[in-house]
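Participant: Model the structure of this input:
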Amino acid sequence: MRKVLLLLLASALALPVLAESTRFWRQANYADFDKGTARGVALRSDGELVLAPRYTVVADPDLEFLWAVAEDRQGNLYVGGGSPARVVQVSRDGQTKVVFESKELEVHALAADPRTGALYLATSPDGAVYELPPAAAGGEARKLFEPGAKYIWDLACASDGTLYLATGDRGEIYRIAPDGKGALFFSSGETHVRALALDSKGNLYAGTEPNGLVLRLSPRAEAFVVYETPRREVTAMSFDTADNLYVAGIGQKVRGPGLPPFLPGAAPPPQPPVQQQGGTITVTATAGAGAGVAPTSRLPFMAGGGSDVYRIAPDGYPELVWSSPTELVYSLSFDSQGRVLVGTGNEGKLLAVDSPALFTNLVNSSAQQITGLLHSASGRVYLATANPGKLAALGPELEAEGSFESDVFDAQLFSQWGRISWQSRNHLSTGSVQLFTRSGNTSDPQKNWSPWSEAYADAQGTPIASPSGRFVQWKAVLRATDSRTPSLSAVSVAYLRRNSAPVIDKIIVQAPGIGVRGLPAGAQGPEPVQLDLPQPARRQPGAPPPPQGQQRMEPPPQGLADPAARSVVWSASDDNDDTLVYSVFYRGEEETRWKLMKDDLRDRFYTWDAAALPDGAYHIKVVASDALSNPADRALAGENISDRFEVDNTPPRIDQLAAQSRSRSVDASFVARDTYSPLKRAEYSLNAGDWQPLFPAEGPTDAREHRFAFRLENLEPGEHTLVVRVYDQFSNPALATTTFTVK
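Facilitator: Residues are numbered from 1 along each chain as shown. Okay, here's the model as predicted:
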């Protein structure tokens, strides 16, 4: 009897018993909350939700995009944009009036004269600077100066009424004196001068493209490079009350020899793997001579590579205070607390930067870009937006109430919800915080989910009233009470996923003569043979991998040649990531009862002694159980059945072997038969020589019985030994021998 082949261990490491237990969906940082939807709620970068400054849309200028906002001495607001080029006045009572319109593409810059209250505006491309009389005086805008530049990007008006123009595409700055005479003031050698700012001493600061320079110019046009940013383009600049200059830079530039290093003490800005393309603002050429379109590399909304905001101290020291690999900064200003405000795209965010380590997302506007910011004398901050073009006001008072909806959580499996709990960072009950939940079985909460639950008031933990399902979402409502403001820093939802049955995905019975073994990762063994392996086990669509620390490393099994062996390999999966144990059964093709071959298997293969099964056709059944990971009343099993396979352990039979001698030759013949499977091949060996192939007279060797006849010639006189060997389809061999004499 053939020796039974013992199974080898699949791994030298013990596998942990994984179980479906209570899990927690916890949100407690900026990245988590940033996926949700805030209304009247601001999100701090340290993961705290607080009430936001009150945000109100005060005017709709009926323009697709706005570029600038300014205020006169009477408190009237002006917004400029396009297309076409237009300036709209917004009075203190919210009434709007078009005070300027031309055939140019856009109004890109506005500036108010602090002496006279006049408003200056610049049109592009191939535009001009116009002067609009004070609102109280009335009157039409008059053309003040044409610099002959392609673009006028920014205006800055000094306290004495001197007006400076930032232009492209020759990178020039023009100056218009108080008497209205304009002339070239400075040529930067850059392609564009994009932004201007004046300090308290009357020095002019300019930001450029494509080298991202920050220049300081004296009234006599004496230039000094204050800082070369690591960014390609400076898009906005603004001074705070302490004469710190804040600079916004966007885009990536190729650094070459001679370029300064990154900011002292600061890491280089993030380099995203894929540059973000900008928003949907489009610019088309206007009719007429000289009309054109700004190159896409010039338009900030077409830039990629993220943004930085730097603070340059009065002594010239630069510091990185905020950075993003994706957001694009369009505008800078300050709030009533002195924090720098950053208007971005292309998600229309307004950020307040407290420090290099802390910022607050104050507003997610309905527009794609916040292109202009103005800190009004009233203490309010005004926002000009694009896509669509709106004028909005922010603060200084906070919203009395705000809400926040989390993103939708997918538990991957039907789940029973546990308790919801939450906390604020300082653990003080300042103001009112209430949470609500809803649940469903589709990823879209608007499609037949449960309604929002009643409010949960116990932050320490309240059973969730929403029905069991696969998806859940929470909502928080924050209300100010008695001058106390609420906050929220963490929310936790407990859930228990329903246990699902294991799945045997595929069973493959290996060819005869192959054993299967498992080896620890990296272990070496005898030369393996090729196995027919099933595809990796399937996971539910969208299902995440097992939690870190529960991922079971199972090297694929290896095959080895063993004539006495027969093997089966299978793949299995369990959506709960339970530890599975397997049982292997067999059944003859004509039989009705499954018989156990082996149980309590942890490996996904089994090898048995091939002689243990009689000749015939069979099926293998594998049953997987998750009983090791679940209580008895929750344990489930799954099974699958292999394709039909055959067993043939009986070798062929060789009959009537004869050798009739002739002069220097012999005629040999025999008959080979097999009781179960067709014959596969035949061969002979003369006098222990090499094996030579034989074929039956009818051609292929493919029937259960064949007659073979062949002649051996040019033999030496004397005694010879002839051995014939025949194999069936399962490689079972049969041999026969005869001895003859040649005379």
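Participant: now the residue nearest to F730 when sequence neighbours are not counted: how far from P512?
Facilitator: Distances taken as Cβ to Cβ, 6 or more residues apart in numbering place D648 nearest to F730, at 4.0 Å, with adjacent residues excluded. (C-beta placed from N, C-alpha, C; glycine too.) For D648, the distance to P512 (Cβ to Cβ, to the nearest Å) stands at 8 Å.
Participant: quick one: common contacting residues for the two?
Facilitator: F730 (Cβ atoms under 8 Å, 6 or more residues apart in numbering).
Participant: Counting by contacts, list what the helix-or-strand element of the chain with minimal mean pLDDT packs against.
Facilitator: When each helix and strand of the chain is scored by mean pLDDT, DSSP states H and E, strand 558-561 comes last, with a mean of 87. Using 3 or more Cβ pairs under 8 Å, 6 or more residues apart in numbering; DSSP states H and E as the contact test, the elements touching strand 558-561 are strand 514-517.
Participant: So, low pLDDT: which residues of this protein?
Facilitator: Residues of the chain meeting the criterion pLDDT under 70: 1-19, 136-137, 254-304, 426-431, 483, 519-526, 536-554.
Participant: how does it look with 80?
Facilitator: For the chain, residues meeting the criterion pLDDT under 80 lie at 1-20, 135-139, 254-305, 425-431, 482-485, 518-528, 535-556.
Participant: for stretch 736-743, the distance to its chain's centre please.
Facilitator: The chain centroid and the centroid of stretch 736-743 are separated by 78 Å under Cα atoms, centre = their mean, to the nearest Å.
Participant: surely Y382 meets G395?
Facilitator: No - assessed by Cβ atoms under 8 Å, Y382 is found out of contact with G395, at 10.4 Å.
Participant: Neighbour count for these two, which is higher?
Facilitator: Using other Cβ atoms under 10 Å, the more surrounded residue of Y382 and G395 is Y382, with 23 against 18.
Participant: Kindly provide the distance from the closest residue to that one other than its chain neighbours to L43.
Facilitator: Nearest non-adjacent residue to Y382, counting by Cβ to Cβ, 6+ apart: L374, 4.5 Å away. Look at L374 and L43: by Cβ to Cβ, they are 24 Å apart.
Participant: what about stretch 36-43, start to end distance?
Facilitator: 10 Å (Cα to Cα, to the nearest Å).
Participant: List the contacts of that stretch.
Facilitator: Contacts for stretch 36-43 (Cβ under 8 Å, 6+ apart): 30, 33-34, 49-55, 360-364, 399, 401-407, 476, 478.
Participant: Of the residues you listed, just the buried ones, ChimeraX syntax please.
Facilitator: Those of the contacts of stretch 36-43 that count as buried under 16 or more other Cβ atoms under 10 Å are selected in ChimeraX with:
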select :33,34,49,50,51,52,53,54,55,360,361,362,363,364,399,401,402,403,404,405,406,476,478
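Participant: Can you give the domain ranges for the chain?
Facilitator: 23-42+401-497, 62-257+300-324, 503-541+549-647, 653-742 (automatic domain parsing).
Participant: Report the secondary structure state of A221.
Facilitator: Classification of A221 using DSSP: H, G, I helix; E, B strand; the rest coil returns coil.
Participant: So that it lines up with my notes, have the first residue be 52 from now on.
Facilitator: Noted, 52 is the first residue going forward, which turns the last one into A272.
Participant: Quickly note the distance from the residue nearest to it when sequence neighbours are not counted to T536.
Facilitator: Leaving aside its sequence neighbours, A272 sits nearest to F237 (Cβ to Cβ, 6+ apart; 4.8 Å). F237 is 48 Å from T536, where distance means Cβ to Cβ.
Participant: How about D629?
Facilitator: From D629 to T536 the distance is 46 Å (Cβ to Cβ).
Participant: Which one's more surrounded, those two?
Facilitator: D629 (24 against 14).
Participant: Am I right that that one is in contact with D677?
Facilitator: Yes - contact criterion Cβ under 8 Å: D629 and D677 qualify, at 3.8 Å.
Participant: list residues touching both of those two?
Facilitator: Contact criterion Cβ under 8 Å, 6+ apart; residues shared by D629 and D677: N550, P553.
Participant: okay, how far is it across stretch 197-213, tip to tip?
Facilitator: Span of stretch 197-213 from end to end, Cα to Cα: 16 Å.
Participant: ok, the residue lying closest to G389 once chain neighbours are set aside - contacts?
Facilitator: Nearest residue to G389, sequence neighbours excluded (Cβ to Cβ, 6+ apart): D291, at 6.5 Å. For D291, the contact set (Cβ under 8 Å, 6+ apart) comprises Y297, F385, G389, V391.
Participant: For these, give me TSV that also has neighbour count.
Facilitator: TSV is the format used below for the contacts of D291 (neighbours: other Cβ atoms under 10 Å):
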residue	neighbour count
Y297	23
F385	18
G389	10
V391	23
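Participant: Okay, and the beta partners of the residue nearest to A272?
Facilitator: On the basis of DSSP bridges, F237 is bridged to I224.
Participant: ok, back up a step: looking at the contacts of D291, spot the one nearest G189.
Facilitator: Checking these against G189 by Cβ to Cβ gives F385 as the nearest, at 32.5 Å.
Participant: who's in contact with the closest residue to that closest one other than its chain neighbours?
Facilitator: Using Cβ to Cβ, 6+ apart and skipping residues adjacent in sequence, the residue nearest F385 is H426, 5.3 Å away. For H426, the contact set (Cβ under 8 Å, 6+ apart) comprises S384, F385, D386, S387, L392, V432.
Participant: So which of those residues is the closest to G639?
Facilitator: Of all those, L392 has the smallest distance to G639: 80.6 Å, by Cβ to Cβ.
Participant: so what does the host helix or strand of the closest one touch, helix or strand wise?
Facilitator: Counting by DSSP states H and E, the element that carries L392 is strand 391-396. On a contact count with 3+ Cβ pairs under 8 Å, 6+ apart, strand 391-396 meets strand 358-363, strand 369-375, strand 379-385, strand 400-406, strand 420-426, strand 432-449.
Participant: Give the pairing partners of the fourth one; include direction for each.
Facilitator: Sheet neighbours of strand 400-406, with direction, are listed as strand 391-396 (antiparallel), strand 409-415 (antiparallel) (DSSP bridges).
Participant: Compute the first-to-last residue distance for stretch 282-300.
Facilitator: Across stretch 282-300, the terminal residues are separated by 5 Å (Cα to Cα).
Participant: Among the contacts of stretch 87-94, which are located in strands?
Facilitator: Judged by DSSP state E, strands contain the following of the contacts of stretch 87-94: 100-102, 104-106, 411-415, 452-456, 527, 529.
Participant: what's across from W76 in the sheet?
Facilitator: V544.
Participant: Please tell me I have it right and it contacts L547.
Facilitator: No - look at W76 against L547 with Cβ under 8 Å: they stay out of range, at 11.9 Å.
Participant: between the two, who's got more neighbours?
Facilitator: W76 (19 against 16).
Participant: quick one, what contacts that one?
Facilitator: F460, A462, V523, S543, V544, Y546.
Participant: and the gap between it and P261?
Facilitator: Taken as Cβ to Cβ, the span from W76 to P261 is 46 Å.
Participant: for G132, same thing?
Facilitator: Distance, G132 to P261, by Cβ to Cβ: 25 Å.
Participant: which one of those two has more residues nearby?
Facilitator: G132 (27 against 17).
Participant: Show me what the more buried one bridges to in the sheet.
Facilitator: L117, R137.
Participant: thought it was touching D111?
Facilitator: No - between G132 and D111 there is no contact under Cβ under 8 Å: 11.9 Å.
Participant: Overlap in contacts, these two.
Facilitator: Counting by Cβ under 8 Å, 6+ apart, the residues touching both G132 and D111 are G440.
Participant: Next, count neighbours for G610.
Facilitator: 23.
Participant: ugh, wrong one, I meant A79
Facilitator: For A79, using other Cβ under 10 Å, the count is 17.
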